[in-house]
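*Asks:* sequence and computational prediction follow.
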Amino acid sequence: MTIKDIARLSGYSLGTVSRVLNDHPDVSEQARERVLAVVREHGFQPNSNARHLKMQAQSAVAVLVKGTQNLLFADILERIQSRLQDNGEEVYVAYLDEDADEVQYAVQLARLRRPKGFLFLGGDLEFFRTEFRPLTVPCVLLTNSARGLDYDNLSSFTTDDAAAAGEVIDYLYTCGHRRIGVLGGNLSGEQISSQRLRGVYAAMARNGLDFDPARQYEPCRYSMAEGYRAARRLLEREPGLTALFALGDVIALGAMRALADQGLSVPGDISVVGYDGTSSAAYSVPRLTTIRQDTAQLAERGVQTLLRGIHYAQPPIHEAVPFTLLQRESVRVLGPAP
């Protein structure tokens, strides 16, 4: 008897059966009891030696998460793990600092654990351009585009960050805002923040707005604490701003706390817009206006493409998934655009 036989007889997926046999906590009691009943009835004995040999030959799917406090990545990761486990795949997750070299880490991991594929949650294209070649297993990059890199084992799925950031600036402009500050990321490298900043520059220009990064932009890492400190620095330097665009919801939430601590109301005194559409943004006070990335589609397309690459040697795919501007309570209309 094999695990596939147990799945067929119990009526549960291979992933569920695998979690039961490995005593994983993420299984309902009903499923656990049914699977174990089939195991007892048919006298199934897992071949641990064979399983060990399989792990040595080629083990789990590795998911590398760039950043430890990114709320968007937490949502995508949960979906990825569930989808992979439902397909009977073991999952290895590693959290990296947001400034770490994720490709170098993957190359080292490939030598040590021999994963059958990699899913990168976040990534700097410069690292992929210069260091990716030693990786030969199927790989998928999520939230940044590898379209121009021309690797035959690297797919990518992302939001059109430049277009989405530009839509935020257009929206603030139509609401009457002319003094707009930007928080988050940095001006160097080829991470997602650089794409969003390009969209900001383009939208400011087409709306005839001046944008001086030295005065109106404050870089920071993706965390509430960093967003808090960055907002304070920016407002000390440029107190006349009427709106803040944070390049991540987690940054926006920290900024809103900083504004409250300074006696400023949102949106009465200053408007705030985030980016990502995380669940936390829907429960902030006021509810945060933000760009919603389609986390379900990012996870589904990423896993689907990786598994097809592993099992069927599918050629690489590069796609942009849709985004939505969620207009909530954190933006005040000052007046219509002229």
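*Replies:* Here it is on my side, so go on. Numbers count the residues shown, from 1 in each chain.

*Asks:* do a quick rundown of the strands in the stretch 51-200 of the chain.
*Replies:* Applying DSSP state E, counting those that start in this stretch to the stretch 51-200 of the chain gives strands spanning 61-66, 91-96, 117-121, 139-142, 154-159, 180-183.

*Asks:* next, count neighbours for Arg129.
*Replies:* 16 (other Cβ atoms under 10 Å). The way it works is simple: take the backbone N, C-alpha and C, and place the C-beta from them, glycine included.

*Asks:* spit out the contact partners of it.
*Replies:* Leu149 (Cβ atoms under 8 Å, 6 or more residues apart in numbering).

*Asks:* which strand residues bridge the spatially closest residue to Leu109 that is not a sequence neighbour?
*Replies:* Once flanking residues are discounted, Leu109 sits nearest to Ala62: 6.0 Å by Cβ to Cβ, 6 or more residues apart in numbering. Beta-bridge pairing for Ala62 (DSSP bridges): Tyr92, Phe118.

*Asks:* what about Ala62, neighbour count?
*Replies:* Neighbour number of Ala62 under other Cβ under 10 Å is 24.

*Asks:* contacting residues around it?
*Replies:* 92-94, 106, 109, 113, 115, 117-119.

*Asks:* from those, which shows the smallest pLDDT?
*Replies:* Lowest in pLDDT among the contacts of Ala62 is Arg113, which has 89.

*Asks:* quick one on the thing from earlier: now for the strands of the stretch 51-200 of the chain, which one comes closest to Ala282?
*Replies:* strand 154-159 (18.3 Å; Cβ to Cβ).

*Asks:* tell me which strands that closest one pairs with, and in which orientation.
*Replies:* By DSSP bridges, strand 154-159 pairs with strand 139-142 (parallel), strand 318-321 (parallel).

*Asks:* mind checking those for the one nearest to Phe245?
*Replies:* If you check each of the strands paired with strand 154-159 against Phe245 by Cβ to Cβ, strand 318-321 wins as the nearest, at 20.5 Å.

*Asks:* how about that closest one as CSV, C-alpha atoms only?
*Replies:* Only the C-alpha atoms of strand 318-321 are listed here, as CSV (Å, rounded to 0.1, in the frame of the first residue of the first chain):
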residue,chain,number,x,y,z
HIS,A,318,6.2,36.2,-16.9
GLU,A,319,2.9,37.9,-16.0
ALA,A,320,1.5,41.0,-14.3
VAL,A,321,-1.6,40.3,-12.2
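
*Asks:* can you give me the helices in the stretch 51-200 of the chain?
*Replies:* 71-86, 102-113, 125-131, 161-174, 192-206 (DSSP state H, counting those that start in this stretch).

*Asks:* could you export those as CSV, including distance to Met224?
*Replies:* Formatted as CSV, those follow (distance: least, Cβ to Cβ, whole Å):
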stretch, distance to Met224
helix 71-86, 9
helix 102-113, 23
helix 125-131, 26
helix 161-174, 20
helix 192-206, 17
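
*Asks:* Val285: which of those is closest?
*Replies:* helix 71-86 (16.9 Å).

*Asks:* and that closest one, what's buried?
*Replies:* 71-77, 79-81, 83-85 (16 or more other Cβ atoms under 10 Å).

*Asks:* and it, what does it pack onto?
*Replies:* Other elements packing on helix 71-86 under the criterion 3 or more Cβ pairs under 8 Å, 6 or more residues apart in numbering; DSSP states H and E are helix 14-21, strand 61-66, strand 91-96, strand 117-121, helix 249-261, helix 295-312.

*Asks:* which of the ones you listed comes out lowest on mean pLDDT?
*Replies:* Among these, helix 14-21 carries the lowest mean pLDDT (a mean of 73).

*Asks:* how far does that one sit from the chain's center?
*Replies:* 27 Å (Cα atoms, centre = their mean, to the nearest Å).

*Asks:* quick one, that helix and strand 91-96 angle?
*Replies:* The directions of helix 14-21 and strand 91-96 differ by 80 degrees, with axes from the mean of the first three to the mean of the last three Cα atoms, to 10 degrees as the criterion.

*Asks:* mind showing which ranges of the stretch 1-150 of the chain have poor pLDDT?
*Replies:* 1-4, 14, 22-26, 42-58 (pLDDT under 70).

*Asks:* returning to what we had before: closest to Gly277 among the buried residues of helix 71-86?
*Replies:* Leu72 (7.9 Å).

*Asks:* residues in contact with that closest one?
*Replies:* 143, 248-249, 276-278, 293, 295.

*Asks:* now with 10 Å?
*Replies:* 121-122, 142-143, 159, 192, 222, 248-250, 275-278, 292-293, 295, 298 (Cβ atoms under 10 Å, 6 or more residues apart in numbering).

*Asks:* which residue is the nearest non-sequential neighbour of the residue most central in space within the chain?
*Replies:* For the chain, the residue nearest the mean C-alpha position is Phe73 (3.4 Å; Cα atoms, centre = their mean). Spatial nearest neighbour of Phe73, excluding adjacent residues (Cβ to Cβ, 6+ apart): Leu121 at 4.8 Å.
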